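Student: Okay, sequence plus prediction incoming.
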Amino acid sequence: MTLLALALMTWPAAAARADVGTQIIERCTHGQSIAGFSQQDYRRALEETTAEVSEYSDCVNLIHQAQLAAAGRGGGGAAGASASGLTANVPPPTPAEQQALQAVHSSGSKPVRVGSQSVVPGVVHANIASAVNSLPTPLLALLAFLLAGVLYILARAVRERVRTHRDG
């Protein structure tokens, strides 16, 4: 009986320990800090990372950074690691950079000179030739075949109308 009671008391702690990897992943994907976990916790999180999280977020890199920071602190937490990706390695913008950023907000959609070209914010210049050249050859062949078929059907319809008017 005491063995069963002991097992029941340790079960929630084991379940919470097994869920710590998921907790790290959730915190990372929600932009929260992932600092303060152990090396084992970070390893578990890396093992539990899904393909979607790996592909659509930077969480794997952030977990590795937190793991390295924790190793540098002798297993303690990674104080600077957060899911936003901003770490202590990125200096704050200088006053001149802050002024330039504010100028961008106030300039609206005025054209900006970049090199020898004038760029208008919000305008996308599409080059049709590059769009066609990027299509796969089998798709181009299929489109040409469909176009030829449509032209053939139209030509037959016109020919039948001409014959009907000539005979009628």
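Tutor: Looks like it arrived, so ask away.

Student: Neighbours of residue 139, how many?
Tutor: 9 (other Cβ atoms under 10 Å). Heads up, the C-betas are built off the backbone N, CA and C, glycines and all.

Student: Just the strands from the protein, written as ranges.
Tutor: 112-114, 117-119 (DSSP state E).

Student: And the contacts of the last one?
Tutor: The reference is to strand 117-119. Taking contacts as Cβ atoms under 8 Å, 6 or more residues apart in numbering, the residues outside strand 117-119 that touch it are 111, 112, 113.

Student: Going by distance to residue 60, which of the residues you listed wins?
Tutor: Of all these, residue 112 has the smallest distance to residue 60: 36.2 Å, by Cβ to Cβ.

Student: Leaving out chain neighbours, which residue sits closest to that closest one?
Tutor: Nearest residue to residue 112 in three dimensions, chain neighbours excluded: residue 119, at 5.1 Å (Cβ to Cβ, 6 or more residues apart in numbering).

Student: Count the residues that sit near the one you found.
Tutor: Neighbours of residue 119 (other Cβ under 10 Å): 11.

Student: that older thread, need the strands of the chain in CSV with distance to residue 149 and mean pLDDT, can you?
Tutor: Putting those into CSV (distance: least, Cβ to Cβ, whole Å; pLDDT from 0 to 100) gives the following:
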stretch, distance to residue 149, mean pLDDT
strand 112-114, 45, 75
strand 117-119, 42, 77
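
Student: biggest helix in this structure, by residue count?
Tutor: helix 137-167 (DSSP state H).

Student: and that one, what's its mean pLDDT?
Tutor: In this model, helix 137-167 carries a mean pLDDT of 93.

Student: got the strands of the chain as CSV, with distance to residue 156 columns?
Tutor: Formatted as CSV, these follow (distance: least, Cβ to Cβ, whole Å):
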stretch, distance to residue 156
strand 112-114, 53
strand 117-119, 49
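
Student: wait, which of these is closest to residue 98?
Tutor: strand 112-114 (18.8 Å).

Student: Give me the contact list for that closest one.
Tutor: Contacts for strand 112-114 (Cβ under 8 Å, 6+ apart): 118, 119, 120, 121.

Student: Return the member of those nearest to residue 26.
Tutor: Distances from residue 26 to these, taken by Cβ to Cβ, are shortest for residue 121, at 36.3 Å.

Student: Please report how far the closest one lies from residue 134.
Tutor: Separation of residue 121 from residue 134 (Cβ to Cβ, to the nearest Å) stands at 25 Å.

Student: With neighbour numbers in mind, choose between these two.
Tutor: Set side by side, residue 121 and residue 134 show more neighbours around residue 121, with 11 against 7, by other Cβ under 10 Å.
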